[in-house]
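>>> Whatever this is, show me its structure:
(one chain, ligands or ions: 1)
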Amino acid sequence: MKDFRYQISPLPYDYSALEPIISKEILELHHDKHHQAYVDGANKALELLEKSREGLEINYKAVMRDLSFNLNGHLLHELYWQNMQPKQESNKPSEKVIKILNDNFGSYEAFKKEFTEAGKSVEGAGWVALMKDTSGKLIITQIQNHNLLGINGFIPILVNDVWEHSYYLDYKNDRATYLTNWWDIVNWNDIEKRI
Ligand code: MN
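Next up, the predicted model:
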């Protein structure tokens with residue numbers, strides 16, 4: 001059988017590259033510890049399923065739950081790292097992306113406001129995501145934890161992690177400031193490739 005185990009990608013920049021918006025300390029912990037734990041959790045669930053096919057008794061409900069939580073966690077973090085870049089002065093999307101955002105949200109400012117407000121109001125741990133369906137329609141959604149409130153058929157284009165581990169060391173409980181500052185490090189070239 002082919003080995004389909006998941007692996008974490010290295011960050012596409014240095015650990016200190018997103019300062020002062022996100023500190024080196026947060027990136028080291030977030031990528032090397034938190035993200036790695038989701039990769040390990042997903043692989044562990046897959047391993048248990050493999051063993052169950054050879055006779056091991058497992059708790060399917062718990063394993064399926066772990067697989068969903070950890071694998072979605074891995075995939076969201078892989079995208080999150082790509083969605084960011086070192087801080088840019090007056091960071092903005094290209095005209096092409098702005099036109100797409102205008103078509104879907106009325107204006108770039110309206111899109112930014114909706115995304116920021118959706119992020120601020122995620123209950124507990126989760127994500128805010130710009131998603132696209134096959135028709136090209138864009139929507140902004142919240143994701144609780146890594147895997148709840150998802151909408152089938154929509155794929156994430158731009159995501160921001162609003163778990164406390166992504167901002168607490170720098171911003172304490174001030175998620176709103178993290179969300180506002182974060183626009184300075186959004187990698188619009190990366191978004192444009194997938195939007
Ligand atoms: Mn995270």
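>>> got a list of what Asn70 touches?
Asn70 sits next to 37-42, 44-45, 146 when contact means CB atoms under 8 Å, 6 or more residues apart in numbering. Quick note: C-beta positions are derived from backbone N, CA and C, even for glycine.
>>> Mark which of those residues are buried, thanks.
38-39, 41-42, 45, 146 (16 or more other CB atoms under 10 Å).
>>> can I assume Pro86 sits in a strand?
No - going by DSSP: H, G, I helix; E, B strand; the rest coil, the assignment for Pro86 is coil, not a strand.
>>> mean confidence for the helix with the most length in the chain?
Ranked by residue count, the top helix of the chain under DSSP state H comes out as helix 60-82. For helix 60-82, mean pLDDT rounds to 98.
>>> could I have it exported to CSV, CA atoms only?
Provided in CSV are the C-alpha atoms of helix 60-82 (Å, rounded to 0.1, in the frame of the first residue of the first chain):
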residue,chain,number,x,y,z
TYR,A,60,-14.6,4.5,15.4
LYS,A,61,-16.5,7.5,16.6
ALA,A,62,-13.4,8.8,18.5
VAL,A,63,-11.0,8.1,15.7
MET,A,64,-13.2,9.7,13.0
ARG,A,65,-13.5,12.7,15.3
ASP,A,66,-9.7,12.9,15.7
LEU,A,67,-9.1,12.5,12.0
SER,A,68,-11.5,15.4,11.2
PHE,A,69,-10.1,17.7,13.8
ASN,A,70,-6.5,17.1,13.2
LEU,A,71,-6.5,16.8,9.4
ASN,A,72,-8.5,19.9,9.0
GLY,A,73,-6.1,21.6,11.5
HIS,A,74,-3.2,20.5,9.4
LEU,A,75,-4.7,21.7,6.1
LEU,A,76,-5.8,25.0,7.4
HIS,A,77,-2.4,25.7,8.9
GLU,A,78,-0.6,24.8,5.6
LEU,A,79,-2.8,27.5,3.9
TYR,A,80,-2.4,30.0,6.7
TRP,A,81,1.4,30.0,6.4
GLN,A,82,1.1,30.6,2.6
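>>> all strands of this protein, in order?
Counting by DSSP state E, the chain has strands at residues 126-132, 138-144, 155-161.
>>> Return the most buried member of those.
Among the strands of the chain, ranked by average contacts under mean count of other CB atoms under 10 Å, first place goes to strand 126-132 (a mean of 23).
>>> Output it as CSV, nothing but the C-alphas.
Extracted C-alpha coordinates of strand 126-132, given in CSV (Å, rounded to 0.1, in the frame of the first residue of the first chain):
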residue,chain,number,x,y,z
GLY,A,126,-11.5,28.7,15.4
TRP,A,127,-10.9,30.4,12.1
VAL,A,128,-12.3,32.9,9.8
ALA,A,129,-12.1,31.9,6.1
LEU,A,130,-12.7,33.4,2.6
MET,A,131,-14.1,30.4,0.6
LYS,A,132,-14.9,29.9,-3.0
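>>> Contacts (any at all) between the ion and stretch 124-137?
No - using CB under 5 Å from the ion, stretch 124-137 never reaches the ion; the gap is at least 8.3 Å.
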